[in-house]
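Enquirer: Take this sequence and fold it.
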Amino acid sequence: MGPTIHDVARLANTSKSTVSRYLNGQSVRRHTQEALEKAIKELNYHRNMNARRLVMNKTFNIGVIVDNISNTFYSGIIRGIEQITHDHGYNSVFYSWDSNYPRGKAAERRQESSFLKLLYEGEVDGIILLSFKKRAKEELEQISQTPYPVVLIGDHGEMDNILAIDVDNGAGTAKSVRYLYELGHRRIAYISGPEYATASDYRFRGYREALKQHQLEYDQALVTSSDWSKEGGYETMKKLLQQADFTAVIGSNDETAIGALRAIHEYGLSVPEQMSIIGYDDIPISEWVRPALTTIRQPFEQIGCQAAASLFEQLEKGGGSPIQSDKQGQQANGADTAILSVSGRVHLLEPSLVIRDSCSKVNTDVAKGGES
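Expert: Numbering: from 1, shown residues only. Sure, this is the predicted structure:
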């Protein structure tokens with residue numbers, strides 16, 4: 001039989017109740033904490049989680065449902081979730097399935113919502129659903145009706161009765177348009193993303209609204225779409241260069257922009273002297289391409305922190321009551337970040353513009369058409 005809580009209390013020269021408070025995350029005096037940590041290490045003590053679960057009537061597990069575990073964008077979000085769950089003494093249990101987006105979408109929707117049974121069957125205390133795909137209205141309604149704590153990351157269907165965390169995708173493209181406008185660009189092309197991604201819709205909406213804000217005419221000839229791959233960005237950009245005159249282009253993600261960058265070079269234009277380009281996401285490779293890509297950075301780790309912190313607030317309240325938020329919020333890790341609250345239960349985190357080397361002022365001597 002291994003060491004018990006009585007052994008820890010005896011070695012640390014304190015009471016069993018003090019050990020219990022410490023193990024449950026409650027504060028104890030500094031010298032007591034040091035004595036307990038030393039005793040736990042010396043005895044190699046590990047708490048009996050089964051006994052703890054029975055006493056507390058909790059699993060101390062958080063289910064994190066990911067639509068595609070190979071999606072590299074999720075690593076930062078998962079890191080943020082793990083940080084907060086660990087701080088609360090919980091485990092993150094991950095569930096995943098592949099989501100080759102255009103294929104089998106109905107089955108995927110059923111599978112994501114089916115994970116709610118983990119709550120009803122008492123396997124986890126709360127769930128975070130992480131997906132960048134569009135969710136069906138029926139699925140969102142089912143999620144909104146569960147009495148257990150659930151947080152969505154990604155599409156929430158603009159339903160204000162679901163606790164959801166996302167990036168203000170439209171604000172990101174609006175920042176790109178504004179930055180290019182300030183550099184003198186007036187003919188700004190845009191490569192949109194696939195229809196299956198809600199973020200694609202919001203980013204395109206941000207582009208159009210920013211054009212209107214700066215009194216720039218929307219030109220359908222300057223807009224096309226791709227599949228968010230480098231190959232797609234490359235092929236789409238080649239066609240765009242043949243059919244319209246413009247001095248700058250915005251890719252709705254970095255992969256698209258990197259592919260477009262190659263097509264611009266092959267067309268014989270230099271970046272940024274003759275063509276400016278901006279991406280979206282700030283993936284690691286974006287600062288290594290030449291020229292280094294100006295882009296919109298998504299606060300992935302903060303998204304995970306905010307989602308987990310919101311879930312634990314729900315757990316502490318014992319249900320699905322709304323969390324109110326000001327425009328300026330504080331992340332669980334103590335860092336300030338802008339939170340644009342659509343409603344009391346939907347939190348949008350503001351992305352930021354990362355200026356590198358792929359944009360410059362319009363050079364009227366070499367620009368491809370348009371005004372200066």
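Enquirer: all helices for the stretch 151-300 of the chain, in order.
Expert: Under the criterion DSSP state H, counting those that start in this stretch, the stretch 151-300 of the chain carries helices at the ranges 169-182, 198-213, 230-243, 254-267, 300-317.
Enquirer: quick one, the second one and helix 169-182 angle?
Expert: Think helix 198-213. Orientation check (axes from the mean of the first three to the mean of the last three C-alpha atoms, to 10 degrees): helix 198-213 against helix 169-182 gives 40 degrees.
Enquirer: So, low pLDDT: which residues of the stretch 101-250 of the chain?
Expert: 101-111 (pLDDT under 70).
Enquirer: quick one: which of the helices of the stretch 151-300 of the chain is nearest Tyr95?
Expert: helix 300-317 (15.4 Å; C-beta to C-beta). C-beta coordinates here come from the backbone N, C-alpha and C atoms, glycine included.
Enquirer: just to revisit the earlier point, Throw the helices of the stretch 151-300 of the chain into a markdown table and include mean neighbour count and distance to Val8, thanks.
Expert: Shown next, in a markdown table, are the helices of the stretch 151-300 of the chain (neighbours: other C-beta atoms under 10 Å; distance: least, C-beta to C-beta, whole Å):
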| stretch | mean neighbour count | distance to Val8 |
| --- | --- | --- |
| helix 169-182 | 22 | 50 |
| helix 198-213 | 19 | 49 |
| helix 230-243 | 18 | 56 |
| helix 254-267 | 22 | 51 |
| helix 300-317 | 22 | 27 |
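Enquirer: got JSON lines for those helices, with distance to Pro291 too?
Expert: Shown next, in JSON lines, are the helices of the stretch 151-300 of the chain (distance: least, C-beta to C-beta, whole Å):
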{"stretch": "helix 169-182", "distance to Pro291": "15"}
{"stretch": "helix 198-213", "distance to Pro291": "22"}
{"stretch": "helix 230-243", "distance to Pro291": "16"}
{"stretch": "helix 254-267", "distance to Pro291": "8"}
{"stretch": "helix 300-317", "distance to Pro291": "24"}
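Enquirer: Looking at those, spot the one closest to Asn44.
Expert: helix 300-317 (29.2 Å).
Enquirer: pLDDT on the closest one, on average?
Expert: The average pLDDT within helix 300-317 is 94.
Enquirer: Would you mind writing the CA trace of that helix as CSV?
Expert: Taking Å, rounded to 0.1, in the frame of the first residue of the first chain, the C-alpha atoms of helix 300-317 are listed here in CSV:
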residue,chain,number,x,y,z
PHE,A,300,-4.9,31.1,-30.6
GLU,A,301,-3.6,30.5,-27.1
GLN,A,302,-5.8,33.3,-25.7
ILE,A,303,-8.8,31.6,-27.4
GLY,A,304,-8.1,28.4,-25.5
CYS,A,305,-7.5,30.2,-22.2
GLN,A,306,-10.7,32.2,-22.6
ALA,A,307,-12.7,29.1,-23.6
ALA,A,308,-11.5,27.1,-20.6
ALA,A,309,-11.8,29.9,-18.1
SER,A,310,-15.4,30.5,-19.3
LEU,A,311,-16.2,26.8,-18.9
PHE,A,312,-14.8,26.7,-15.3
GLU,A,313,-16.9,29.8,-14.5
GLN,A,314,-19.9,27.9,-15.7
LEU,A,315,-18.9,24.9,-13.6
GLU,A,316,-18.6,27.1,-10.5
LYS,A,317,-22.0,28.6,-11.1
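Enquirer: what's that helix packed up against?
Expert: helix 74-87, strand 126-131, strand 150-154, strand 164-167, strand 346-349 (3 or more C-beta pairs under 8 Å, 6 or more residues apart in numbering; DSSP states H and E).
Enquirer: report the angle between the axes of that helix and strand 126-131?
Expert: Angle of helix 300-317 versus strand 126-131, following the same axes, to 10 degrees, is 150 degrees.
Enquirer: quick one on the thing from earlier: with mean neighbour count and distance to Trp288 added, can I get the helices and strands packed on helix 300-317 in a markdown table?
Expert: A markdown table is the format used below for these (neighbours: other C-beta under 10 Å; distance: least, C-beta to C-beta, whole Å):
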| stretch | mean neighbour count | distance to Trp288 |
| --- | --- | --- |
| helix 74-87 | 20 | 18 |
| strand 126-131 | 26 | 27 |
| strand 150-154 | 25 | 27 |
| strand 164-167 | 26 | 23 |
| strand 346-349 | 22 | 26 |
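Enquirer: The helices of the stretch 151-300 of the chain: which one's closest to Ile278?
Expert: helix 169-182 (4.6 Å).
Enquirer: And for the closest one, what's in contact with it?
Expert: Under the criterion C-beta atoms under 8 Å, 6 or more residues apart in numbering, residues 188, 190, 199, 202-207, 209-211, 213-214, 216, 248, 250, 252, 276, 278, 280, 294, 296, 298, 340, 348, 350-353, 355, 359 lie in contact with helix 169-182.
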